[in-house]
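[1] take a look and give me a structure for this.
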Amino acid sequence: MKKVLLIVALLTLSLAFTYGQATVGGWGRGIFVPLIFSPDGDPTAASMVSWGPGGTRVGFGINGGSDNVGFRADVIVDNGAVGVGDAQMIWVKPIEMLTISVGSLFDDTLRGNGGFVANNWLRYDFAMAGDDYTFGRVGYGGNVNFEVSLAPVDGAYMYVGLGGRGGIDLQGYMWGYDDDDDPDTPNVPYDAPLELMFKGGQYGAGYDIAGIGVIRAQYLGAGDMGTINAAFKLTMVEGLMLDLGAFIDTDSEATGRIATIALYGNYVMDTLTLHLAADMTLPEADGADMPIGLGLGVEYGLEGGLTIQGDVRLSLVGDDTAFAGGAFAKWSYSNGIFGLGLELTNSSFANWGSFLVDKGAADDIVFAIPIRLEYWF
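    This next block holds a predicted model:
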């Protein structure tokens, strides 16, 4: 199967170059950690990516199209295994303002991210600002299978995304009620009522108010309940960006959460960039813990493509306090990065629990030295 996927990818590349209507781009990241050290445990090492162990991400994407029809195919080649990446899709534009897409896809047009500094090195084993922090992209919680998007006037954008959310995937299913008289024994692939496709849909819109900012709102369906996501990005002050968003559950008794509110901002002044992230989750039950997250980051550019970075994170959940910090140096090139860093935390690294550390006590402080390599083209 791996050979078949590789042959298909190479043939697609060949056709793209032959007919000259497609482009090839790529992105990848690898982090080698020669030392992960806990004072009361054994040192370990790992080859990984920012989001966890498992080797290096090596990926590329093929995009092709005309004014009205196109496609996208993402391929990853991680650790000797060929597989599919984030999106495999076909799109058509019957008219200029309307785009219809089908496959496995996402749409970042209105996405509100809060990823900075440590998010691109080794992430920590507690909730921290990152992708979809203030506003989830189309495909948040699972790539959608079908999207209709509309841009009727400058600054306005609307969309409907179906499939891929809440465990409902259109791929491989024929949508309709089971013909079997016994409702307790549905016959695959006829086990997904048509209404679930719409109940699990993603419906949203946004508008860029010239000179002020971007307002957006959406509904993220999950069966008979869902989440309302609204955000506003302020851009009217030169050098300053503030993005405030909220995720409000429609059935807080089922989720145990009324809402999560998140703020991400950055300020750019010459070669200095400051980052701030703050979030809190409002519990449904009286007296329940209210998780709070904080993050601060700084970046200062020097000559020769060198950037010095610092990062501090804090997570408060009841009486449990997790903290982390890091200092980094990265050299930027025309299409990539090389960097070295030092990180510490009383938790663990990269959202894999204790997999990467050997701690004598739960609150031991552990250290890691990441060496980061990254490319894009």
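
[2] burial count for Asn143?
    24 (other Cβ atoms under 10 Å). The C-beta positions use only the backbone N, C-alpha and C, and glycine is treated the same way.

[3] again but with Trp27, I slipped
    17.

[4] now the one 10 residues further on
    The criterion is other Cβ under 10 Å. On that basis, Phe37 has 17 neighbouring residues.

[5] swap in Pro370?
    Number of residues near Pro370 (other Cβ under 10 Å) recorded here: 25.

[6] how much space separates it from Met48?
    To Met48, Pro370 is 9 Å away according to Cβ to Cβ, to the nearest Å.

[7] please apply the same query to Ala87.
    According to Cβ to Cβ, Ala87 and Met48 sit 24 Å apart.

[8] between the two, point out the one with more neighbours.
    When Ala87 and Met48 are compared on other Cβ under 10 Å, the one with more neighbours turns out to be Met48, at 23 against 19.

[9] whichever strand or helix holds the more buried one pairs with which strands?
    Met48 belongs to strand 44-49 when assigned by DSSP states H and E. Strand 44-49 has its sheet partners listed here by DSSP bridges as strand 22-37 (antiparallel), strand 52-53 (antiparallel).

[10] got the buried residues for the longest one?
    Using 16 or more other Cβ atoms under 10 Å as the test for burial, strand 22-37 gives Ala22, Gly26, Trp27, Gly28, Arg29, Gly30, Ile31, Val33, Ile36, Phe37.

[11] circling back: what do Pro370 and Met48 both touch?
    By Cβ atoms under 8 Å, 6 or more residues apart in numbering, Pro370 and Met48 have these common neighbours: Ile31, Val33, Leu122.

[12] what's the neighbour count on the nearest residue to Asp289 once chain neighbours are set aside?
    Nearest non-adjacent residue to Asp289, counting by Cβ to Cβ, 6 or more residues apart in numbering: Gly318, 3.9 Å away. Gly318: 9 surrounding residues under other Cβ under 10 Å.

[13] equivalent analysis for Gly213, please.
    19.

[14] and it, what are its bridge partners?
    Here Gly213, judged by DSSP bridges, has bridge partners Ile209, Leu234.

[15] how much space between it and Leu263?
    In terms of Cβ to Cβ, Gly213 sits 14 Å off from Leu263.

[16] check Leu242 too.
    Counting by Cβ to Cβ - Leu242 and Leu263 are separated by 7 Å.

[17] before we move on, back to that, go through the buried residues of strand 22-37 and name the one nearest Asp208.
    Asp208 lies nearest to Trp27 out of the buried residues of strand 22-37, by Cβ to Cβ, at 26.1 Å.

[18] wait, what's in contact with the closest one?
    With Cβ under 8 Å, 6+ apart, Trp27 has these contacts: Arg57, Gly59, Phe60, Glu374, Tyr375, Trp376.

[19] with adjacent residues omitted, what lies nearest to the third one?
    Leaving out its chain neighbours, the residue that sits closest to Phe60 by Cβ to Cβ, 6+ apart is Gly26, at 3.6 Å.

[20] you'd agree the one you found is up against Asn63?
    No. With contact defined as Cβ atoms under 8 Å, Gly26 does not count as touching Asn63 (11.3 Å).
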